[in-house]
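J.: below is the structure, and that's it, no one-letter string:
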């Protein structure tokens, strides 16, 4: 099976890069994007199987990105990372069609599990 | 000057209504000042009016009361004067109409006297005296013929004034009488005197006709103060009148005096034009001014009643006013405190959210870096000191976890500001919440008794938030009671718009100082165990839901939390 391609979006580059590396160490293919616009571009270019999306970003925020993704790629699962207001944003995001949400700081095992769930369910 | 300054200061102090502080002293001062001010402002005009009335009435009434006395004196004096004038003109008529020869004829004189007595009462005798003072002829009950009067003063006087009316005197006959003498001069220069004596019993009749009551007295005196008629209280005829002779006045005059018996009396008097008598009417003051004192009494009663009513009204009014003022002050202060509190809460909420969010990102990075470190270490079997580094990283991750718990809690606190409304059965929310604590109740052997009102109307509220509220309060109650304690939960319908929930424990209770800060964020009595946010969050939620929370507590007796919830959510602030 082709390794799963994941797009990790977070404006905090250090976080995104580190998390990406950890995921790669677990055998996943990870692309990173550092803002909303970049994320939308990479979705078109790289065609990831799943998007892990930070909610709080300057410029185009996570929620807007989620909305665009739902419109253009209704089958692409999105996992939200929230650092603020947590449940509210999470619930709101799920209502908008996100697969699930995780609160920052996250635990890598949880994230991997969610990704597996999302992709497993999706297949 | 000093008095003025003092007065000015005192008045200034009266108008100063302190508006600072809420000490009982302040309200006492306001109350005192208002009472004094209103009392003075209302009573002063009343007293002035009463005083003016009193003075005016006194004047008018005196005149009213004393006028009849004056009239009576005037009338009686006129009667006296008329009666005496009649007698005098009769004697004058005899003197001028009859010649000396005719009058010296005793027979003639006798028949004349008889006619005289028929026509005019009071005549006792009649006689003719020649220019040398000898009694030429006489008719009457006594034998006075040949008597010489030339050295008597009345005889001297009649020669000067031609007419004479004597004071009352006893004369030869030892009973009071008055002499009327008239001189007749012929054209040729000869002269003689006709003299008549008049019985003064007629005076008594005139006085009797005044119709005086038993307490009053009327009599004549002459200008030396000798009584001319018998007085009821002040002596017999020709005795000295024991009071000073009043000032000369031909108009009836009234004076007030004290008589020798010590009675307060009103004296009305009038001088006669002729003869030199003074008619005096004495009445006891009590009788005369009875009407006046009655009126004065009425006036006083009305005044006193008015004063009492005004004072009563002032006291009650001011009392209520100050009480109302105090209540509204306290309410305002409470509202102010509440606003302050919710401000504090919401700004702390914002701060907490900001801090949590700002810290979360670096925290996440730390966590990931540490995680990466661990991952890399795990992948490299040749990593030296694996165990040491492993435990170091675990420690970092543990700390990150702890921080995460804290930031999540802070975010949770900030999040309470939002509400999700649905139709709820309050009793079932409470039953659910209590369910969480069943284990703990069992473990601690706490009796959790639910007294839930039946037929409570459902409410529009937020289930999760309500659960949080009840959970917080119940947890506190459980923490407060000892083993075997009791926690009672009661629901009830407060009124049309509100439901109430009471959670009461018989635990250790709280001091007043604790009660004051119980809803403040970060206030805790549990030192190490609590965040101090529990009840603050509870308070914030209840307020957000449009409700109220009250707490009563006594150390070592227990605490009672009462939550009032609106049946329908009100428009809430900042939603």
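T.: Yep, it's here. As the structure is a prediction and not an experimental result, all values here were calculated from the model.
J.: isn't residue A:13 up against residue A:34?
T.: Yes: with contacts counted by Cβ atoms under 8 Å, residue A:13 reaches residue A:34, the gap being 5.3 Å. (Glycine included, C-beta is placed from N, CA and C.)
J.: so the two - more neighbours on which side?
T.: Higher neighbour count among residue A:13 and residue A:34: residue A:34, with 17 against 12, using other Cβ atoms under 10 Å in any protein chain shown.
J.: can I assume the more buried one is in contact with residue A:11?
T.: Yes: using Cβ under 8 Å, residue A:34 is in contact with residue A:11, at 5.8 Å.
J.: quick one: check the longest helix along chain A for contact with chain B.
T.: Counting by DSSP state H, the longest helix found in chain A is helix A:108-122. Yes: remark: helix A:108-122 sits within contact range of chain B at residue A:108, by Cβ under 8 Å from any Cβ of the partner chain.
J.: and that helix, what's buried?
T.: Using 16 or more other Cβ atoms under 10 Å in any protein chain shown as the test for burial, helix A:108-122 gives A:108, A:111, A:114-115, A:118.
J.: mind listing residues that contact it?
T.: Outside helix A:108-122, the residues that touch it by Cβ atoms under 8 Å, 6 or more residues apart in numbering or on different chains are A:4, A:6, A:19, A:22-23, A:26, A:28, A:49-50, A:52, A:75, A:77, A:79, A:99-100, A:102, B:368, B:371.
J.: which ones among those lie within helices?
T.: A:19, A:22-23, B:368, B:371.
J.: now the spatially most central residue of chain A: how far from residue A:6?
T.: Central residue of chain A (Cα atoms, centre = their mean): residue A:52, 1.0 Å from the mean position. The gap separating residue A:52 from residue A:6 is 6 Å, by Cβ to Cβ, to the nearest Å.
J.: just residue B:336 next, same as before
T.: 55 Å.
J.: kindly report the same for residue A:47.
T.: 12 Å.
J.: so for these two, which residue has more residues nearby?
T.: Taking neighbours as other Cβ under 10 Å, residue A:47 and residue A:6 compare with residue A:6 leading, 23 against 11.
J.: for the more buried one, which non-adjacent residue is spatially closest?
T.: Excluding the flanking residues, the one nearest residue A:6 by Cβ to Cβ, 6 or more residues apart in numbering or on different chains is residue A:30, at 4.8 Å.
J.: quick one: strands adjacent to whichever strand or helix holds that neighbour?
T.: Per DSSP states H and E: residue A:30 is located in strand A:29-33. Sheet partners assigned to strand A:29-33 using DSSP bridges are listed as strand A:5-9 (parallel).
J.: how far does the partner strand sit from the chain's center?
T.: Its chain's C-alpha centre and that of strand A:5-9 lie 6 Å apart, by Cα atoms, centre = their mean, to the nearest Å.
J.: buried residues in that strand?
T.: For strand A:5-9, burial by neighbour count (16+ other Cβ under 10 Å) applies to A:6-9.
J.: check what pLDDT residue 8 gets.
T.: By default, I'm working from chain A. At residue A:8, the pLDDT value in this model is 93.
J.: my bad, chain B
T.: pLDDT, read off for residue B:8, is 82.
J.: wasn't it part of a helix?
T.: Yes: counting by DSSP: H, G, I helix; E, B strand; the rest coil, residue B:8 is located in a helix.
J.: quick one: it from residue B:38, how far?
T.: Distance from residue B:8 to residue B:38, by Cβ to Cβ: 20 Å.
J.: neighbour-wise, which of those two wins?
T.: Using other Cβ under 10 Å as the criterion, residue B:8 and residue B:38 rank with residue B:38 on top: 17 against 10.
J.: what's the helix or strand for the closest residue to that one other than its chain neighbours?
T.: Spatial nearest neighbour of residue B:38, excluding adjacent residues (Cβ to Cβ, 6+ apart): residue B:314 at 4.9 Å. Taking DSSP H and E as the criterion, residue B:314 maps to helix B:290-379.
J.: run the angle between that helix and helix A:108-122 for me.
T.: On the basis of axes from the mean of the first three to the mean of the last three Cα atoms, to 10 degrees, helix B:290-379 is oriented at 80 degrees to helix A:108-122.
J.: what mean pLDDT does helix B:290-379 get?
T.: Across helix B:290-379, the average pLDDT comes to 83.
J.: what's downstream of that helix, the next helix or strand?
T.: Counting by DSSP H and E, what follows helix B:290-379 is helix B:386-415.
J.: and that next one, how far out from the chain middle?
T.: That offset, for helix B:386-415, works out to 76 Å (Cα atoms, centre = their mean).
J.: I'd like the next helix or strand past it.
T.: Per DSSP H and E, the helix or strand that comes after helix B:386-415 is strand B:422-424.
J.: can you give me the neighbour number for residue A:28?
T.: 19.
J.: now do the one 10 residues further on
T.: The burial count assigned to residue A:38 is 17, neighbours taken as other Cβ under 10 Å.
J.: ok, residue B:358 next?
T.: The burial count for residue B:358: 13, using other Cβ under 10 Å.
J.: next, count neighbours for residue B:565.
T.: Residue B:565: 26 neighbours (other Cβ under 10 Å).
J.: tell me what it is bridged to.
T.: Beta-bridge partners of residue B:565, as defined by DSSP bridges: residue B:499.
J.: got a list of what it touches?
T.: Here residue B:565 is in contact with B:426, B:459, B:461, B:466, B:498-501, B:542, B:545-547 (Cβ under 8 Å, 6+ apart).
J.: so which of these are in strands?
T.: B:459, B:461, B:498-501 (DSSP state E).
J.: tell me the spacing between the most centrally placed residue in chain B and residue B:29.
T.: Nearest residue to the geometric centre of chain B (Cα atoms, centre = their mean): residue B:311, 2.2 Å. Distance of residue B:311 to residue B:29, given as Cβ to Cβ: 19 Å.
J.: next one: residue B:193
T.: 94 Å.
J.: name the residue in these two with the higher neighbour count.
T.: residue B:193 (25 against 16).
J.: quick one: contacts for the closest residue to the more buried one other than its chain neighbours?
T.: Residue nearest to residue B:193 in three dimensions, not counting chain neighbours: residue B:129, with 4.4 Å by Cβ to Cβ, 6+ apart. Contacts for residue B:129 (Cβ under 8 Å, 6+ apart) come out as B:135-136, B:149, B:155, B:181, B:192-195.
J.: please identify the helix or strand for residue B:129.
T.: Here residue B:129 is assigned to strand B:123-130, by DSSP H and E.
J.: again with residue B:80
T.: With DSSP H and E as the test, residue B:80 turns up in helix B:24-97.
J.: what about that helix, average pLDDT?
T.: 86.
J.: how about the strands in chain A?
T.: According to DSSP E, the strands that chain A contains are A:5-9, A:29-33, A:50-54, A:78-82, A:100-103.
J.: same question for the shortest one: list its buried residues.
T.: In this case it means strand A:100-103. A:100-103.
J.: which pair of those spans the longest distance?
T.: Taking Cβ to Cβ, the two most distant members of the buried residues of strand A:100-103 are A:100 and A:103; they sit 11.1 Å apart.
J.: mind listing the shared neighbours of those two?
T.: In contact with both residue A:100 and residue A:103: no residue, using Cβ under 8 Å, 6+ apart.
J.: isn't residue B:79 up against residue B:206?
T.: Yes: with contacts counted by Cβ under 8 Å, residue B:79 reaches residue B:206, the gap being 5.4 Å.
J.: more neighbours, the two?
T.: It is residue B:206, of residue B:79 and residue B:206, that has more neighbours when counted by other Cβ under 10 Å, with 19 against 16.
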